[in-house]
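Undergrad: Sharing a model prediction with you, sequence too.
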Amino acid sequence: MALTRRRRAATMDDIIVGASLLAGTANVIMQLGRPGVGYGVVESTVESGQVFRHPIKRTRTTLTYLAVAALGAEEERRHYRRAVNGAHAQVRSGESSPVSYNAFDPDLQLWVAACLYKGVEDTCAAFLGELDEHSLDEIYRESARLGTTLQVPAQLWPADRAAFAKYWDDALDAVHIDDTVRAYLHDLVELRFLPRTVAAPLAPFHRFVTTGFLPPRFREEMRLPWTSRQQRRFDRLTGVVAAVVNRLPRPLRQFPYNLCLADLRWRIRTGRNLV
């Protein structure tokens, strides 16, 4: 990346920044790159999880999951795990499904958590500059919560960053995005879950940043072209965003994740639905 400033210390609190939303759709594409996850989402009958029917609710649920996994207390994570489990219990393949899947499959959940951690790495590289090795190791250990807040047994999380790198390289062999899942994902990239008057002016920028955050393997699967000129533009953009992010006070840097966590705590106190 263009931004490689001083090597510095950081914690999980530092890397949960609102600017990471720029990479959100790219991370979804990576998750759905595993056919079991892709078809689990495309075929899901969970009404509240349908982004094209309930985009605000679906976005809130996803951001709250990331907020509570990264910043929440253990009791809050237990509450949210139970709520997510209730929705996931309905997500399983049927007789007509082209692939077999189950939302409680720990292998698929580990893949989702691994993609989320890759998003953490992207945030660090794009917006925070070069971190010291101790910080990177500590952030990696804390990122295990991205899986254990689902149903990933702690022992399945690769032991260290080197073990994760091997897991990731091996797991890429199972990545395949077919026409059905690709069409669904292109609808996300083009913001077709938003009113047309909103989506039309925003879609070109959203397509650009999404493609920029995708690793080459996933760009190929999505058939999204990318040039060296586009990479230079992308590096300049992330450099500008990083300069702004690093000057903001923490409450503004962490928005809207801190708002989602506050909303979750209110929902727990008042007995409302969490997802």
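TA: Arrived safely.
Undergrad: so the residue of the chain most remote from its centre, which of the three states?
TA: Within the chain, the residue lying farthest from the chain centre (CA atoms, centre = their mean) is Glu95, at 29.4 Å. Following DSSP: H, G, I helix; E, B strand; the rest coil, Glu95 is assigned to coil.
Undergrad: Could you measure from it over to His176?
TA: Using CB to CB, to the nearest Å, we find Glu95 at a distance of 22 Å from His176. The C-beta positions use only the backbone N, C-alpha and C, and glycine is treated the same way.
Undergrad: ditto for Ala89
TA: Distance, Ala89 to His176, by CB to CB: 26 Å.
Undergrad: Helices along the stretch 51-200 of the chain, start to end?
TA: 55-71, 74-88, 106-123, 133-142, 145-148, 161-171, 179-189, 196-213 (DSSP state H, counting those that start in this stretch).
Undergrad: Same list (those) but as JSON lines, adding mean neighbour count.
TA: JSON lines is the format used below for the helices of the stretch 51-200 of the chain (neighbours: other CB atoms under 10 Å):
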{"stretch": "helix 55-71", "mean neighbour count": "19"}
{"stretch": "helix 74-88", "mean neighbour count": "16"}
{"stretch": "helix 106-123", "mean neighbour count": "21"}
{"stretch": "helix 133-142", "mean neighbour count": "16"}
{"stretch": "helix 145-148", "mean neighbour count": "22"}
{"stretch": "helix 161-171", "mean neighbour count": "13"}
{"stretch": "helix 179-189", "mean neighbour count": "17"}
{"stretch": "helix 196-213", "mean neighbour count": "15"}
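Undergrad: For Asp179, see how far away the residue farthest from the centre of the chain is.
TA: 21 Å.
Undergrad: same thing with Ala9?
TA: Distance of Ala9 to Asp179, computed by CB to CB: 46 Å.
Undergrad: Quick one: low-confidence residue ranges for the stretch 101-250 of the chain.
TA: Scanning the stretch 101-250 of the chain for pLDDT under 70 picks out no residues.
Undergrad: Distance to Val46 for the helices of the stretch 51-200 of the chain - can I get that in a markdown table?
TA: Below are the helices of the stretch 51-200 of the chain laid out as a markdown table (distance: least, CB to CB, whole Å):
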| stretch | distance to Val46 |
| --- | --- |
| helix 55-71 | 10 |
| helix 74-88 | 5 |
| helix 106-123 | 16 |
| helix 133-142 | 29 |
| helix 145-148 | 21 |
| helix 161-171 | 25 |
| helix 179-189 | 15 |
| helix 196-213 | 24 |
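Undergrad: Can you read off the pLDDT for Val17?
TA: Per-residue confidence (pLDDT) for Val17: 91.
Undergrad: correct me, but it touches Gln254?
TA: Yes - with contact defined as CB atoms under 8 Å, Val17 counts as touching Gln254 (6.4 Å).
Undergrad: if I pick the residue nearest to Phe164 when sequence neighbours are not counted, what's in contact with it?
TA: Spatial nearest neighbour of Phe164, excluding adjacent residues (CB to CB, 6 or more residues apart in numbering): Pro158 at 4.1 Å. By CB atoms under 8 Å, 6 or more residues apart in numbering, the contact list for Pro158 reads 164, 166-167.
Undergrad: for Ala23, same thing?
TA: So Ala23 contacts 119, 122-123, 126, 209-210, 213 (CB under 8 Å, 6+ apart).
Undergrad: Name the nearest residue to it, sequence neighbours excluded.
TA: Nearest residue to Ala23 in three dimensions, chain neighbours excluded: Phe213, at 4.1 Å (CB to CB, 6+ apart).
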